[in-house]
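> sequence isn't available, so here's the structure alone:
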């Protein structure tokens, strides 16, 4: 029997959306899956050496908050920083690993991480800002792996 494969497309670059690809990839790798994450558009922010990820409740009505905050107040300057701080405190208090720790776990588990070259070119990113060991490729690179994967997730 051949090794199972998991392909993930990571498209979001906010703090709350950073967790799913890294948790799923590290778990799959621990279960013996050959795993690849393709980072495209805003998801490429997750590959920066220096992460400064934010979270916002704007546009995310499902975000649990200690008290209801009207939408118009969520747009007030400083609210995003406050929401980010609240989320980081909650994660730490519950013993959830940081995004950096989860990313490192994926690297140690040999999860293949591919940056979308078109996104790098489109937004004129400097590859020196990204972590070492990141591979670069286009959609065809992703489809080579995803076409043979057992599971493919879009996050």
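All right, it came through fine. Being a predicted model, the structure only gives us computed values, none of them experimental. Residues are numbered from 1 along each chain as shown.

> would you map the strands across this structure?
5-10, 34-39, 112-116, 135-137, 151-154 (DSSP state E).

> quick one: the last one to chain centroid distance?
For strand 151-154, the separation from the chain centroid amounts to 14 Å (computed by Cα atoms, centre = their mean, to the nearest Å).

> what mean pLDDT does that strand have?
Here strand 151-154 scores 96 as its mean pLDDT.

> show me what it is packed against.
Here strand 151-154 touches strand 5-10, helix 15-30, going by 3 or more Cβ pairs under 8 Å, 6 or more residues apart in numbering; DSSP states H and E. (Each C-beta comes from the backbone N, C-alpha and C, glycine too.)

> how does it look with 6 Å?
Strand 151-154 is packed against strand 5-10, with contacts defined by 3 or more Cβ pairs under 6 Å, 6 or more residues apart in numbering; DSSP states H and E.

> and the strand it packs on with strand 112-116, angle?
Here strand 5-10 runs at an angle of 40 degrees relative to strand 112-116 (axes from the mean of the first three to the mean of the last three Cα atoms, to 10 degrees).

> report the distance from strand 5-10 to the chain centre.
With Cα atoms, centre = their mean, you get 11 Å for strand 5-10.

> thank you kindly, that will do.
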